[in-house]
Every structure is written in C-alpha cells, then in structure tokens.
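Q: Need a 3D model of the sequence below.
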Amino acid sequence: MTPLEKLPVTVITGFLGSGKTTLVRNLMQNPQGKRLAVIVNEFGDVGVDGEILKSCAIPDCPAENILELANGCICCTVADDFIPTIEALMKLDPRPEHILIETSGLALPKPLLKAFDWPDIRSKITVDGVIALADAEAVADGRFAPNVAAVDAQREADVGLDHETPLSEVFEDQISCADIVLLTKPDLAGPEGVAKARDIVLAEAPRPLPVVEVAEGEVDPRVILGLEAAAEDDMDARPSHHDGHHDHEHDDFESVVIDVPEQSDPAAFAAKIEKMAKDLNILRVKGYAAVEGKPMRLLVQAVGARVRHQFDRPWKPEEGRRGRMVVIAEHDDVNVDAIRAALLD
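A: Residues are numbered from 1 along each chain as shown. The predicted structure follows:
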C-alpha cells in the first residue's frame, strides 16, 4: 500500500451475541498476507472481547494493533474516541493495511459511517464494506426483525401492543446499512430456520443484499474483505430510523458489572446464569470467573438463556483471580439487586 492509497476499513456490526468476535478472530488468523488492525467497541466497563482478541494476536495483527473503546457506543463518541483511535492506528510503523472495526451490539452503523466524512480522515480512509451478522435462530423466531406489516395489523387490532422495540430498530438499521449479511449459528436454527431468517433479512433490506450462512465465524476472507464499497459515499442507499437526528441515546439499555467469587462448579454457575437470564429478561452476560483448584480462567458468554463457558487461559499474577460479569438488559428490566442476588446466592 502506497502512502496515497486510502486505508480500507471493514465495519462489523450485529446484535449482541451474533458472533462478531468469533468472526474477527478468524479473520485475524487468516489475514491473507495483510497487516491488520482491530478496533473493538464494547458496551460496559469490562473489555471482554478485546481480551479475547488480544489472546489471539499473531505477527500480522500484533496485540498493539488491537485497540479497545470501552464503556461508550462508538457512534456516540466519534470526536472523543473514534477519530483519535483511527489516527493512532495510521501512525503505527509498519502501518496497517486493513482495519477491522467490531462495533458494540447496540451501535447504529450509519452514524459511524458519517464519521468517515470528517476532514481529518476522509482523504486517508475508505469504508471497504459493512458486514452485518445476524443470529439465524433469533431472526427466525422474529425476536429482532418483526414484520412491519404484521406489527401494524396487530396494533390496529390491539392498541396495547407495541412490537417496535429498541432491539428491532437496532437490527433493522444494521441490515439497512450492510453490504453483506452473515447468518450465524445455523446449526441451532436448522435448515428451515436458516431459510426463514434469510427471507426476513431480504424483506428487511432496502436493496438486494448477499446473505451468507456462516458457522463458527469461518468464512473465506475474500468474501467479506476487498468489497470496495466506499460506503461513506453511499449513505442515501442506507436508510436509518435515526435519519434526521444528530445523535441517538442508549438509555433503553443498561449494563451492570458484578464481581463474582471463586466458583466450585462451572456447570452450576452456567445454570445459575441461565436461570437469571430467564427470570430477569437478561439479553447478554459475558465475563470471567475463577474456579476452585483450576489455574485457568473461565470465560463465560451468554445470549439470553443460551450459556457457553470454557477455560481460555491461565490467570495472570496481577489479575488476582478476580471474577467479573457484565450483564446487559433493557433499561426497564435492570434490577441490580436481583441480578447480584442471582449471581451470588
């Protein structure tokens, strides 16, 4: 890449737990000979995804090329966080040849794309493409992509119904902004679920979009990198619920960080999280826990009541085996005392 060439950036968006970090990790491990840099944006005070990716660093994407923007939606903190981070990556020697941006599951992609029109970076950066990940099972169930016509019909029949939830708006904006959609976790959805999810995505999209089925983040990088979409110049084709608004708020969501003691049984702890998610309408849980007699750190990630856990690496001496969980829910469902009791009792 010559100094005059624009540095391509791929924006990876998708709802909570859709598989963004897994995809980025696989791209890092198969960089097609390019020097990569990664920006990870998380919602909450504990940077779990950034830690996961840094543990996977390789020479083509070393740990110093993986930067984290925590506790602030990237599309809401453009001036304070995003632009300086991009500028810092561009000053690295050697300079990255491609930047991956993993947005928060709550981020709206269009305000982020508008940031690429800033004078300081417009001549140096281009948005190669926007990749939207969607959990096939969740989409097939209609949880994040309600049929607008059906919703309108239900509202006419019962004014008490309101299916235009914040989750649906986030999902719709991500699909509308995408250049390609990846349907993830097809094994959980099954063939019929995948087909239904594909139909829902295509019905939601404002223009024809390729929809690709992906398991465990494994996709040929040539499919999603090198799109040359120049998305920053194509804003009118990417409608958003928030067009005409200067910003948006995330008051509909709230994250809580809970320190958790050493656990005796990982399976029992996972069951506790599953029950909490069902009882308290929790959207997402992610974090680490220490397990008695185990030198390895237990990584826990949950989407709703679907909980995964594994030992990922040894505890570092300075970490002190300190377990912490980030719990995310819609604002009205957050009961800190109930969440703490569910995890600690």
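Q: Tell me if I'm right that Gly217 and Gly19 touch.
A: Yes. Contact criterion CB atoms under 8 Å: Gly217 and Gly19 qualify, at 5.7 Å. (Each C-beta comes from the backbone N, C-alpha and C, glycine too.)
Q: and Asp265, what does it touch?
A: Counting by CB atoms under 8 Å, 6 or more residues apart in numbering, Asp265 touches Val291.
Q: what do you get for the one 10 residues further on?
A: Lys275 makes contacts with Ala342, as judged by CB under 8 Å, 6+ apart.
Q: Need the pLDDT of it.
A: Predicted confidence (pLDDT) for Lys275: 93.
Q: again with Asp80
A: Residue-level pLDDT assigned to Asp80 equals 53.
Q: cool, and Ile339?
A: For Ile339, the model assigns a pLDDT of 93.
Q: what does Pro111 give?
A: For Pro111, the predicted pLDDT is 78.
Q: Any buried residues in the helix or strand where it lies, and which?
A: Element membership for Pro111, per DSSP states H and E: helix 109-115. Using 16 or more other CB atoms under 10 Å as the test for burial, helix 109-115 gives 109-113, 115.
Q: which element follows the helix or strand of the chain with the lowest mean pLDDT toward the C-terminus?
A: The weakest-scoring helix or strand in the chain, judged by mean pLDDT, DSSP states H and E, is helix 148-157 (a mean of 37). For helix 148-157, the following helix or strand on the C-terminal side (DSSP H and E) is helix 166-177.
Q: where does the stretch 51-200 of the chain have low pLDDT?
A: Along the stretch 51-200 of the chain, the model assigns pLDDT under 70 to residues 51-81, 106, 119-120, 144-167.
Q: Please enumerate the helices of it.
A: 83-90, 109-115, 119-122, 136-140, 148-157, 166-177, 186-204 (DSSP state H, counting those that start in this stretch).
Q: now, of the ones you listed, which is deepest in the fold?
A: Mean neighbours per residue, mean count of other CB atoms under 10 Å, is largest over the helices of the stretch 51-200 of the chain for helix 136-140, with a mean of 26.
Q: Tell me which other helices or strands that helix touches.
A: Applying 3 or more CB pairs under 8 Å, 6 or more residues apart in numbering; DSSP states H and E, we find helix 136-140 packed against strand 180-184, helix 186-204.
Q: Give the buried residues for the first one.
A: Of the residues in strand 180-184, those with enough neighbours to count as buried (16+ other CB under 10 Å) are 180-184.
Q: so what strands line up beside the longest strand along the chain?
A: Counting residues, the longest strand found in the chain (DSSP state E) is strand 125-135. Strand 125-135 has these partner strands in its sheet, going by DSSP bridges: strand 7-14 (parallel), strand 180-184 (parallel).
Q: Counting neighbours, what do you get for the closest residue to Gly226 other than its chain neighbours?
A: Spatial nearest neighbour of Gly226, excluding adjacent residues (CB to CB, 6 or more residues apart in numbering): Asp128 at 6.7 Å. For Asp128, the count of nearby residues is 24 (other CB atoms under 10 Å).
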